[in-house]
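Novice: Predicted model and sequence follow; I will ask about them next.
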Amino acid sequence: MKSAPKPDDLVEIFLKPGEFHFGGPDKRIRTVLGSCVSLVFWHPDRHVGGMCHYLLPSRNGNAKSGELDGRYADEALELLLREIRRCGTLPGEYQVKLFGGGDMFPKSPKIPATQVGRRNVEAARDLIKRYNLNCVGEHLEGIGHRNVIFDVWSGHVWLKHQEPCDS
């Protein structure tokens, strides 16, 4: 497989928590993750892809308003799947990578309610399994935050993982 060259008209997208983006080979998508998780989808033949940045596994039983909310894992994935289908592709044609789920407070007592990163990772893995997605890589959990850069034209994902200074 030959990688596409870096586009001359590169468009950089920075995702804030709860956002997602799906686009073509002229895009570079960035985000910074703590306990949040990003799902990265890349189509190796079409050179299209997307990324989401979700904060929580689900709404915890709170009724949906009818509009999908990218702050929640299951709804963020559905937003990406809509774009994948709109592009005339199938989810199984994509390579998927997972990032994030870091422990931002490693010195705090470990009770389930405070382990948001771990719960986000569990949600991501459950969704990968439920939708039978092709997960080809991950960098999850641990301590600290991650800077993630996804070059849609090549499918390359660049990661910088940094632990807190006082951990």
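Specialist: Sure thing, it's come through.

Novice: Quick check, central residue of this structure?
Specialist: Ser38 (1.8 Å; C-alpha atoms, centre = their mean).

Novice: right, and it touches Val148 too?
Specialist: Yes. Contact criterion C-beta atoms under 8 Å: Ser38 and Val148 qualify, at 5.8 Å. (Each C-beta comes from the backbone N, C-alpha and C, glycine too.)

Novice: re the thing from before, hey, what's the residue nearest to the centre of the chain bridged with?
Specialist: Phe99 (DSSP bridges).

Novice: list the contacts for it?
Specialist: Taking C-beta atoms under 8 Å, 6 or more residues apart in numbering, we find Ser38 in contact with 15, 31, 51-54, 98-100, 148.

Novice: try 6 Å
Specialist: 31, 51, 53, 99-100, 148 (C-beta atoms under 6 Å, 6 or more residues apart in numbering).

Novice: Identify the farthest-apart pair in the residues you listed.
Specialist: Farthest apart among the contacts of Ser38 by C-beta to C-beta are Met51 and Gly100. That separation is 10.9 Å.

Novice: quick one on the thing from earlier: find residues that contact each of Ser38 and Val148.
Specialist: 31, 99.

Novice: measure the closest residue to Ile84 other than its chain neighbours to Lys107 for me?
Specialist: For Ile84, ignoring the flanking residues on the chain, the nearest one in space by C-beta to C-beta, 6 or more residues apart in numbering is Pro91 at 5.5 Å. Using C-beta to C-beta, to the nearest Å, Pro91 is found at 39 Å from Lys107.

Novice: Neighbour count for these two, which is higher?
Specialist: When Pro91 and Lys107 are compared for neighbours, Pro91 comes out ahead with 17 against 9, by other C-beta atoms under 10 Å.

Novice: where does the more buried one land on pLDDT?
Specialist: Turning to Pro91, the model gives it a pLDDT of 97.

Novice: mind listing what's buried in stretch 31-47?
Specialist: Under the neighbour-count criterion of 16 or more other C-beta atoms under 10 Å, stretch 31-47 has 31-43, 47 buried.

Novice: end-to-end on that stretch?
Specialist: From its first residue to its last, stretch 31-47 covers 20 Å (C-alpha to C-alpha, to the nearest Å).

Novice: For Pro5, pull up the helix or strand it's in.
Specialist: Under the criterion DSSP states H and E, no helix or strand holds Pro5.

Novice: Spatially nearest residue to Asn147, not counting backbone neighbours?
Specialist: Lys160 (4.4 Å).
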